[in-house]
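S.K.: Need the 3D shape of this:
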Amino acid sequence: MDSTVMTIIYFAVILAVFYFLLLRPEQKRKKQAEEMRNSLKLGDEITTIGGIIGIIVDLTDNTVTIETSEDRVRVTLARWAISSIGKAAEQQ
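M.R.: As a prediction, this is how the structure comes out:
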């Protein structure tokens, strides 16, 4: 009986450690990224997951259109493809 209780406690501790060290931080990062993507506005300078830097010129629920250069090249991206607001070089 005592060994069964100890085994259950052991597994409960392992699950708690797993949750607090792996799952919870990942959920917080996802929530922060989602909040960042929902706060986008026209004129923001963004960096995509692929490293493309541009200024937002159009927003819809699922897509973002950016201008990537002085030649006014426009690229339409999915919102999930945006990694950060601002240039990546400034954040390092």
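
S.K.: how long is stretch 57-77 from one end to the other?
M.R.: 12 Å (C-alpha to C-alpha, to the nearest Å).

S.K.: buried ones in that stretch?
M.R.: 64, 66, 77 (16 or more other C-beta atoms under 10 Å). Placement of C-beta: from N, CA and C, glycine included.

S.K.: Could you save those residues as TSV and add columns showing distance to F20?
M.R.: Putting the buried residues of stretch 57-77 into TSV (distance: C-beta to C-beta, whole Å) gives the following:
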residue	distance to F20
V64	34
I66	38
L77	34
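
S.K.: For G54, list the residues it contacts.
M.R.: 45-46, 48, 66-68, 75 (C-beta atoms under 8 Å, 6 or more residues apart in numbering).

S.K.: let's go with 10 Å and repeat that
M.R.: 44-48, 64-69, 73-75, 77, 82 (C-beta atoms under 10 Å, 6 or more residues apart in numbering).

S.K.: Would you map the helices across the protein?
M.R.: 2-18, 24-38, 88-91 (DSSP state H).

S.K.: what's the distance between D58 and L42?
M.R.: 8 Å (C-beta to C-beta, to the nearest Å).

S.K.: Can you check which residues contact both of the two?
M.R.: In contact with both D58 and L42: 64-65, using C-beta under 10 Å, 6+ apart.
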